[in-house]
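Novice: I'd like to go over a predicted model; first the sequence, then the structure.
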Amino acid sequence: MLDMVETGTTADLMAEIGRRARAAARILATAPAEVKNSALTAMAKAVREAMPEILAANRLDVEAMKAGGQTAAFLDRGTLSEERIEAIAGALEDIVRLDDPVGGVIAAWERPNGLKIERVRTPLGVIGVIYESRPNVTADAGALCLKAGNAVILRGGSDTIHSNKAIHAALEQGLREAGLPADAIQVVPVTDRAAVGEMLRGLDGNLDVIVPRGGRSLVERVQTEARVPVFAHLEGIVHLFVDKSAELDKTVDIVVNSKLRRTGICGALETLLVHEDVADSYLPAIVRALQEKGCEIRGDERVQALCGDTVPAGEDDWSTEYLDKILSVKVVPDLDAAMEHIATYGSNHTDCIVTEDQAAADRFQREVDSAIVLHNASTQFADGGEFGMGAEIGIATGRMHARGPVGVEQLTSFKYKVRGTSQTRS
């Protein structure tokens with residue numbers, strides 16, 4: 001592979017990666033659960049043992065990002081620490097504990113003529129993951145695809161290329177120790193954007209689905225140019241609505257955590273909507289708690305009148321994913337107005353209501369058309385690991401096949417097994 005990187009074209013390199021992935025996928029499709037779990041366990045061990053090498057590689061990436069003037073949120077997504085590497089290893093072990101979806105019977109029935117039919121989970125085949133500035137995705141995506149019996153081609157961003165390669169080396173070691181093909185998880189070794197174009201064209205039929213995980217420009221390119229199916233969300237414009245029956249202390253805790261626990265993740269709160277009946281009494285306390293932690297508030301006229309040191313919100317603010325310590329805030333007349341705002345400006349990703357009125361919560365969760373709809377909980381729970389899925393490749397906001405966190409079950413398709421006793425059709 002290295003020889004091809006040095007002497008061949010990007011198209012040649014990607015074609016070879018695709019062929020190798022397809023060959024590996026055929027082996028993985030029937031690999032026993034205990035063999036895949038053995039590989040995942042060995043990967044977790046290898047990640048821990050390679051912590052010094054992974055941290056050294058990450059320092060190169062972080063230094064380059066700082067020199068390039070990347071934002072604090074971008075740096076946060078790309079930075080690894082001992083704790084974050086331990087979390088990567090822990091996520092691999094969490095995936096071991098998940099049920100193997102391959103071969104699982106989704107439904108079974110018998111026809112009047114005696115035919116017995118089962119709908120059974122099968123791997124998708126070869127999955128391409130295109131992502132930016134999140135080295136943990138290398139491990140999460142590789143492990144989830146393996147558990148679901150798929151080969152995966154990982155094309156990370158140039159910002160974390162050294163980190164991705166270091167993590168991948170540990171994954172590859174785990175595959176070899178379990179006797180599985182190393183080509184089951186491949187990292188594209190070049191940062192040439194042409195490699196993305198080759199993946200979008202399908203690698204000569206060797207790529208079955210693409211999962212983009214990154215900024216708006218990346219996802220828009222994938223959705224526009226891809227010739228294979230895409231699991232994607234364009235962006236995470238996350239809303240939280242404070243209803244008139246919300247409890248203030250609970251509201252402040254949820255809002256602050258939703259916005260500021262980590263600002264650079266797709267589940268971070270971007271727009272706060274507050275019922276006008278509690279705006280006077282609640283907004284000053286909420287805004288003060290946010291500002292004390294360095295969050296800039298961009299508010300409508302009512303917010304500016306109630307709270308000091310705020311910035312006027314423009315029309316673009318309602319449709320902006322900041323991924324930073326900035327929050328747009330608006331006062332709305334009621335639940336209907338809040339849901340109308342979300343329908344107008346939202347991205348169908350994650351939205352939340354804070355309320356003690358169960359009827360209002362039920363209506364919000366029923367009518368807001370987002371992949372994840374929360375009641376009285378931080379939007380930062382929009383995460384496959386927090387859902388008990390071990391990890392996730394991303395959060396899909398479309399309506400076909402996968403929606404919400406994309407975990408092992410979402411990385412499978414199905415086929416029908418039909419068993420007969422010499423039936424023929426008239």
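Specialist: Noted; the coordinates are in hand.
Novice: what's the end-to-end length of stretch 239-258?
Specialist: 10 Å (Cα to Cα, to the nearest Å).
Novice: determine how far that stretch lies from the middle of the whole chain.
Specialist: Computed by Cα atoms, centre = their mean, to the nearest Å, the chain-centroid distance of stretch 239-258 equals 25 Å.
Novice: in that stretch, what counts as buried?
Specialist: Going by neighbour count (16 or more other Cβ atoms under 10 Å), the buried part of stretch 239-258 is 239-246, 251-252, 254-258. C-betas here are computed from N, CA, C, even on glycine.
Novice: which ones among those residues map onto strands?
Specialist: 239-242 (DSSP state E).
Novice: for the stretch 251-400 of the chain, what spans make up the strands?
Specialist: Taking DSSP state E, counting those that start in this stretch as the criterion, the stretch 251-400 of the chain contains strands spanning 269-275, 296-299, 311-312, 326-332, 350-354, 372-375, 395-396.
Novice: so the first one versus strand 326-332, what angle?
Specialist: Between the axis of strand 269-275 and that of strand 326-332 there is an angle of 20 degrees, by axes from the mean of the first three to the mean of the last three Cα atoms, to 10 degrees.
Novice: which neighbours does strand 269-275 have in its sheet, and in what orientation?
Specialist: In its sheet, strand 269-275 lies beside strand 238-242 (parallel), strand 326-332 (parallel), with partners assigned from DSSP bridges.
Novice: tell me where the stretch 151-300 of the chain has helices.
Specialist: Remark: helices assigned in the stretch 151-300 of the chain by DSSP state H, counting those that start in this stretch are 161-177, 194-200, 216-225, 248-260, 276-291.
Novice: pull the CA atoms of the third one into PDB?
Specialist: Listed next in PDB are the C-alpha coordinates belonging to helix 216-225 (Å, rounded to 0.1, in the frame of the first residue of the first chain):
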ATOM      1  CA  ARG A 216     -21.700  21.800   6.600                       C
ATOM      2  CA  SER A 217     -19.400  22.100   3.600                       C
ATOM      3  CA  LEU A 218     -18.300  18.400   3.900                       C
ATOM      4  CA  VAL A 219     -21.800  17.100   4.300                       C
ATOM      5  CA  GLU A 220     -23.300  19.200   1.500                       C
ATOM      6  CA  ARG A 221     -20.600  17.900  -0.800                       C
ATOM      7  CA  VAL A 222     -21.300  14.300   0.100                       C
ATOM      8  CA  GLN A 223     -25.000  14.700  -0.300                       C
ATOM      9  CA  THR A 224     -24.600  16.500  -3.600                       C
ATOM     10  CA  GLU A 225     -22.000  14.200  -5.200                       C
END
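Novice: what helices or strands is it leaning on?
Specialist: In terms of contacts (3 or more Cβ pairs under 8 Å, 6 or more residues apart in numbering; DSSP states H and E), helix 216-225 is packed against helix 194-200, strand 209-213.
Novice: apply 6 Å and report the result again.
Specialist: Secondary structure elements in contact with helix 216-225, counted by 3 or more Cβ pairs under 6 Å, 6 or more residues apart in numbering; DSSP states H and E, are strand 209-213.
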